[in-house]
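A.B. asks: Okay, here's the prediction I keep looking at, along with the sequence it came from:
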Amino acid sequence: MAAAALTGLTIAEARDGLLAKDFSARELAEAHIGAMEAGRGLNAFLTETPERALAGAQEADRRIAAGEARGLEGVPLGIKDLFCTEGVATTAASRILQGFTPPYESTVTRNLWDAGAVMLGKTNLDEFAMGSSNTTSHFGPVENPWRRKGDNRPLVPGGSSGGSAAAVAAHLCAGATGTDTGGSIRQPAAFCGVVGLKPTYGRCSRYGIVAFASSLDQAGPITKTVRDAAILLRHMAGFDARDSTSVEREVPDFEAALSRPLKGLRVGIPKEYRVDGMDPEIDALWQKGIGWLEEAGLEAVEIGLPHTQYALPVYYILAPAEASSNLARYDGVRYGHRAEGGGDLLEMYEATRGEGFGAEVRRRIMIGTYVLSAGYYDAYYLKAQKVRTLIARDFAAAFEAVDVILTPTAPGAAFAIGEKEDDPISMYLNDVFTVPASLAGLPGISVPAGTDGDGLPLGLQLMAPSFDEETMIAAAAAIEARAGFDGAAAAGGA
Amino acid sequence: MSLDKATVARIAALARIRVAEDELDGLARELSNILGWIEQLDAVDTSGVPPMSRAADQKLRWREDVVDDGGIGEKILANAPAAKDGFFTVPKVIE
């Protein structure tokens, strides 16, 4: 098979083709290594590991020949550079982790390698996963492989898992891992025309993932199709005693859920998500999505999630507060960057952190420090935790009456690199539709569902009750089947 | 809440982040804007509402109180910017 045909395969197709011996794992790895090198202009990868991919492919070919293939045997993946990978530099896209090579493997990546997947490299992201555009990376922005019609300005891929989403959209890897704290899997997936799934909090182990906001962080897959997301999630998820918030619960066969009957289920349409000044193209796509689900046998029901408007301010108290604690560990003593120039211990800490963190990370650590400081804790942090309870209760009440909830993923399509940089709050608004599910710990998936007038992809989001990814996946597949979205257009532009 | 320069400098010191004097005004403006936007939460009645500190509603697990890791000092020190004789080294703390 030609290299472009191999990189165009979904994970399901690659798996089946390998087992049928239509091509070898080595050929599949080589095709993706070539694509990754040809696509360097996107800046999607921070570290390339072709030798690892080839070694993994060799083992995959041996196992396939011996009839011992595992679930992801020979599938080449991009790994967000927030997952610690033993012996391979892990940066979190920050200067402060410069020179850090983890002596251990994150549980999620360990699970993937144990299932036979091979690593192509580590993908770019917003620094410490703080951003919605991938422009806060210390190693430069990622370019979205999509362009507006008749306009060649580079666009952002979304964030923070922008490198993973761009790499999947441009067919540089068969699939990728992401992490989502307030939308960092779903929003870039929508911007790049791919599928992004954030599972229920506790479904994937956080062990070995560089921590941002521990009560919100979850790993999940970014893939070309809903089926691929189901396949990848199955091999990422699972109980892990090393993460105290990992949930002890069997991992279902998510792929089998694709064919679940949907007839008679109910989809909730939250009226509070129809925000003022909503882009009419987004609204029109949302209406289409409702129609597709009705065609699939679901009944659409209007629901209320009355505290929706408070989700973003709650998030921008809690996430920075947790980040200010988590990022206290970067002190120039145990790993990463240390500032030169003498001085005492305190001066060394301050100089190291002053030059090691970028502007957005510094801003969030300072907000977090302030809201946790004496005299302000109750007014900000405790207040936000209480409103978080109300947001979670809204969802619990809604799911008494409906099985899934449908909304747009983001309030707009991808914007140009450099736009929305003047005002942090306008950047934060990108996550208005994704943050509520994060706060409630619920699963969410973004499915590419159409394009706007400029030809850019737009996504629809489905949310489900805790640990009911299966119904969510089945409904997502129904949207995917009817939307007829063609993502291949992006791969040519890479 | 509007933050002044002195407050921003105090927050920076608490966070152990060196901020140049000429950046304080800009940061005060940015942080004040963010805090002002956050304060819309004051409109929500939270009387009698318990705080939510974690997404998964579960108790912490117990485990046997036994050593299950260790003996990897060299691996850990391999990433240190400065180390000597099996220890991390830092600028002199005690005169």
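C.D. replies: Yep, that arrived.
A.B. asks: longest helix of the chain?
C.D. replies: Since you didn't name a chain, this refers to chain A. helix A:383-401 (DSSP state H).
A.B. asks: that answer is for a different chain, and I need it for chain B
C.D. replies: helix B:24-38.
A.B. asks: Leaving out the residues flanking it, which one is nearest to the residue in chain B that chain A sits nearest to?
C.D. replies: Closest to chain A within chain B is residue B:55: 2.8 Å, counting by Cβ to the nearest Cβ. C-beta: built from backbone N, CA, C; applies to glycine. Spatial nearest neighbour of residue B:55, chain neighbours left out: residue A:441 (2.8 Å); criterion: Cβ to Cβ, 6 or more residues apart in numbering or on different chains.
A.B. asks: so how many other residues sit close to the one you found?
C.D. replies: Counted with other Cβ atoms under 10 Å in any protein chain shown, residues neighbouring residue A:441 total 25.
A.B. asks: In the longest helix of chain A, which residues are buried?
C.D. replies: A:383-395, A:398-399 (16 or more other Cβ atoms under 10 Å in any protein chain shown).
A.B. asks: overlap between those and the residues near chain B?
C.D. replies: A:383-390, A:392 (Cβ under 8 Å from any Cβ of the partner chain).
A.B. asks: how about the helices in chain B?
C.D. replies: Using DSSP H, helices in chain B cover B:5-14, B:24-38, B:73-77.
A.B. asks: elements contacting the second one?
C.D. replies: Helix B:24-38 sits against helix A:311-326, helix A:359-372, helix A:424-428, helix B:5-14, with contacts defined as 3 or more Cβ pairs under 8 Å, 6 or more residues apart in numbering or on different chains; DSSP states H and E.
A.B. asks: neighbours around the residue in the stretch 1-150 of chain A that chain B sits nearest to, how many?
C.D. replies: Nearest residue of the stretch 1-150 of chain A to chain B, counting by Cβ to the nearest Cβ: residue A:103, 4.1 Å away. By the criterion of other Cβ under 10 Å, residue A:103 has 16 neighbours.
A.B. asks: would it count as being in a strand?
C.D. replies: No: per DSSP: H, G, I helix; E, B strand; the rest coil, residue A:103 lies outside any strand segment and is coil.
A.B. asks: and residue A:47, that's in a helix?
C.D. replies: No: going by three-state DSSP, the assignment for residue A:47 is strand, not a helix.
A.B. asks: Assess the claim that it and residue A:121 are in contact.
C.D. replies: Yes: the criterion here is Cβ atoms under 8 Å, and residue A:47 meets it with residue A:121 at 5.4 Å.
A.B. asks: These two - which one has more neighbours?
C.D. replies: The neighbour comparison of residue A:47 against residue A:121 (other Cβ under 10 Å) goes to residue A:121, with 29 against 18.
A.B. asks: Tell me which residues touch that one, please.
C.D. replies: Taking Cβ atoms under 8 Å, 6 or more residues apart in numbering or on different chains as the criterion, residue A:121 is in contact with A:36, A:45-50, A:78-79.
A.B. asks: Now the buried members of those residues.
C.D. replies: Buried among the contacts of residue A:121 (16+ other Cβ under 10 Å): A:36, A:45-50, A:78-79.
A.B. asks: Can I get these in JSON lines including pLDDT and distance to chain B?
C.D. replies: Below are the buried ones among the contacts of residue A:121 laid out as JSON lines (pLDDT from 0 to 100; distance: Cβ to the nearest Cβ, whole Å):
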{"residue": "A:36", "pLDDT": "98", "distance to chain B": "27"}
{"residue": "A:45", "pLDDT": "98", "distance to chain B": "22"}
{"residue": "A:46", "pLDDT": "98", "distance to chain B": "18"}
{"residue": "A:47", "pLDDT": "98", "distance to chain B": "16"}
{"residue": "A:48", "pLDDT": "98", "distance to chain B": "22"}
{"residue": "A:49", "pLDDT": "98", "distance to chain B": "19"}
{"residue": "A:50", "pLDDT": "98", "distance to chain B": "24"}
{"residue": "A:78", "pLDDT": "98", "distance to chain B": "24"}
{"residue": "A:79", "pLDDT": "98", "distance to chain B": "19"}
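A.B. asks: where in chain B is pLDDT low?
C.D. replies: Scanning chain B for pLDDT under 70 picks out the ranges B:1, B:57.
A.B. asks: which non-adjacent residue is nearest the residue nearest to the spatial centre of it?
C.D. replies: Geometric centre of chain B, nearest residue: residue B:15, 6.8 Å, by Cα atoms, centre = their mean. Counting by Cβ to Cβ, 6+ apart, residue B:15 lies nearest to residue A:369, which is 4.4 Å off, once chain neighbours are set aside.
A.B. asks: Surely the one you found touches residue A:323?
C.D. replies: No: the pair residue A:369 and residue A:323 does not pass the contact test of Cβ under 8 Å, sitting 9.8 Å apart.
A.B. asks: and the nearest residue in space to residue A:279 that is not next to it in sequence, what is it in contact with?
C.D. replies: With sequence-adjacent residues excluded and distances taken as Cβ to Cβ, 6+ apart, residue A:279 is closest to residue A:412, at 5.7 Å. Neighbour list for residue A:412: A:279, A:282, A:430 [criterion: Cβ under 8 Å, 6+ apart].
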